[in-house]
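Novice: below: sequence and its predicted model.
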Amino acid sequence: MSTPGTLGRLPIIDIAPLLNSDPCDADKRAAIASALHSACVEYGFFYLNLQAYVDPSEPEELARLAKQFFALPEEEKDKLSLKNQDSARGYARLNENVTNGKADNHEGLDFYKPVEHPDKTKPVWGENQWPSSIPEFKDRYEKWVDKMKTLGSILMEAMSIGLGMTSEEWHDLRSQVDDSFWVMRVIGYPSLPNDHDGFSCGAHKDYGCLTFLYADPTPSALQVFLQRPGAVDQSKSGLPSEQGQEEGVWINADPIPGCVVCNIGEMWEIWTDGLYRSTLHRVVHRGSNYRVSIPFFFEPNFDAIIKPLPVMARIRSKGGSDAVKVKSTGREPVIYGDFLVSKVGNNFATDRKGKYD
């Protein structure tokens, strides 16, 4: 059962009907496609109920292994330092990641799609670094990668239906993501110090395709900004405004058992001429525990050319509420790999400019 969103809570979408092709479930699949479309238009963020797809013990085990890694001595973690490879794959120390010119209060271990003929002198073209001191780490995480890649394909097809694409148009879109240049991060968040002038992770929009986020049960950490004209954020957090002049509210996206949080990235903005919008989000972890999150980024192929989809012309011609929300990006087509490299190249820059700036 899927649950619509409200101003204070994101929609929850159960993917169970998408996991089979039984003709009897056709109406349910259509309803899920419609729910995804509404969630992308109105929120850009939603929960995916994966109970029919993933045993809850799997991501819980990933979180346990992540905490085991982050508990290692710093010199042990530094053996996987980003500088060993392409400055993208590997371990980043606490406060090494930068967003909006400020250090983020987290540490992380980053993995990317393996490439042929790796070359660590080329951006994002090195080799993944796995913690050898935790033997089962690599196997468990690679299995998760496989599941999230499959989930990405399933969701993309459902989204194409919700958007009103033809089967031929879906075939063309699928050819842009069928060799996804995926990214996975394993992130550790200690409690935010009272005197820290930044955030656990500053406000940003994801720049790829789809993000599937599993996080441990820590509440009141992930925050999502919902654009709502006329709404005034009444947050008493004392945090600076990170949404500029946009009107809306920050809400908590607390973990829900059996679900991952999903959000759309900037590539969907381009594909849909702004109908689907990538949404600002941030992490503010002030609890006493050590928080772990595992975002998986289902991205286009490295050489995919991203430009508005043909279906957008039909949506404009039909009129209605969706047509009103379509805003031409005015952008030239983007080669995803070039776009990715331009972002990741600033991720850990010494000039304090981060990948989301």
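Specialist: Yes, it's here.
Novice: now do the contacts for the spatially closest residue to Glu157 that is not a sequence neighbour.
Specialist: Excluding the flanking residues, the one nearest Glu157 by CB to CB, 6 or more residues apart in numbering is Trp170, at 6.2 Å. Where you see a C-beta, it was placed from the backbone N, CA and C, and this is true even at glycine. When contacts are counted by CB atoms under 8 Å, 6 or more residues apart in numbering, Trp170 touches 157, 160-161.
Novice: mind giving me the PyMOL select for the residues you listed, buried ones only?
Specialist: Applying 16 or more other CB atoms under 10 Å to the contacts of Trp170, the buried members can be selected in PyMOL as follows:
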select buried, resi 157+160+161
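Novice: and of the contacts of Trp170, the nearest to Ala31?
Specialist: If you rank the contacts of Trp170 by distance to Ala31 using CB to CB, Ile161 comes first, at 10.7 Å.
Novice: show me the contacts for the residue nearest to Val124 when sequence neighbours are not counted.
Specialist: Spatial nearest neighbour of Val124, excluding adjacent residues (CB to CB, 6+ apart): Ala88 at 4.7 Å. Counting by CB under 8 Å, 6+ apart, Ala88 touches 82, 110, 112, 123-124, 126, 344, 347.
Novice: can you lay out the residues you listed as TSV showing neighbour count?
Specialist: Shown next, in TSV, are those (neighbours: other CB atoms under 10 Å):
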residue	neighbour count
Leu82	21
Asp110	23
Tyr112	24
Pro123	16
Val124	22
Gly126	22
Val344	20
Asn347	19
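Novice: out of those residues, which sit inside helices?
Specialist: Secondary structure defined by DSSP state H assigns Val344 of those to helices.
Novice: which parts of the stretch 51-200 of the chain are strands?
Specialist: Ranges of strands within the stretch 51-200 of the chain are 90-92, 98-99, 102-103, 107-112, 183-189, based on DSSP state E, counting those that start in this stretch.
Novice: so what are the sheet partners of the third one and their directions?
Specialist: Taking DSSP bridges as the criterion, strand 102-103 forms sheet pairs with strand 98-99 (antiparallel).
Novice: and the partner strand, average pLDDT?
Specialist: What strand 98-99 shows for mean pLDDT is 82.
Novice: let's number from 522 now, not from 1
Specialist: Okay, using 522 as the starting number, the last item reads as strand 619-620.
Novice: now do it: distance to the chain's middle.
Specialist: Chain-centre distance of strand 619-620: 16 Å, with CA atoms, centre = their mean, to the nearest Å.
Novice: kindly report the same for stretch 574-588.
Specialist: 18 Å.
Novice: sec struct for the residue nearest the centre of the chain, please.
Specialist: Nearest to the geometric centre of the chain sits Thr732, at 2.5 Å (CA atoms, centre = their mean). Look at Thr732: counting by DSSP: H, G, I helix; E, B strand; the rest coil, its state is strand.
Novice: for it, give me the pLDDT.
Specialist: So, for Thr732, pLDDT stands at 98.
Novice: ok, it touching Asn784?
Specialist: Yes - at 5.0 Å, Thr732 counts as touching Asn784 under the criterion of CB atoms under 8 Å.
Novice: how far away is Ala573 from Phe567?
Specialist: Distance, Ala573 to Phe567, using CB to CB, to the nearest Å: 17 Å.
Novice: who has more neighbours, the two?
Specialist: Phe567 (25 against 13; other CB atoms under 10 Å).
Novice: the more buried one belongs to a strand?
Specialist: Yes - judged by three-state DSSP, Phe567 forms part of a strand.
Novice: now the contacts of Trp691 as JSON lines including distance to Val805?
Specialist: Formatted as JSON lines, these follow (distance: CB to CB, whole Å):
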{"residue": "Glu678", "distance to Val805": "35"}
{"residue": "Ser681", "distance to Val805": "35"}
{"residue": "Ile682", "distance to Val805": "36"}
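Novice: in helices only, show me the contacts of Trp691.
Specialist: 678, 681-682.
Novice: am I right that Trp789 is in a helix?
Specialist: Yes - Trp789: assigned to a helix according to three-state DSSP.
Novice: excluding its backbone neighbours, what's nearest it?
Specialist: Trp789 sits nearest to Tyr797 (CB to CB, 6+ apart), 4.5 Å away.
Novice: also Asp843?
Specialist: Closest to Asp843 by CB to CB, 6+ apart is Ile836, at 5.4 Å.
Novice: show me the contacts for Gln748.
Specialist: 767-769, 798, 800.
Novice: same check on Asn784?
Specialist: 565-567, 727, 731-732, 734, 745, 799-800, 802.
Novice: possible to save these as TSV with distance to Gly840?
Specialist: Below are those laid out as TSV (distance: CB to CB, whole Å):
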residue	distance to Gly840
Gly565	23
Phe566	27
Phe567	26
Asp727	30
Leu731	28
Thr732	32
Leu734	35
Val745	30
Ser799	25
Thr800	26
His802	32
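Novice: who are the packing partners of the helix or strand that Ser838 is a member of?
Specialist: According to DSSP states H and E, Ser838 maps onto helix 832-839. With contacts defined as 3 or more CB pairs under 8 Å, 6 or more residues apart in numbering; DSSP states H and E, helix 832-839 has these neighbours: helix 841-846.
Novice: which helices and strands does the helix it packs on pack with?
Specialist: Against helix 841-846 (3+ CB pairs under 8 Å, 6+ apart) you get helix 832-839.
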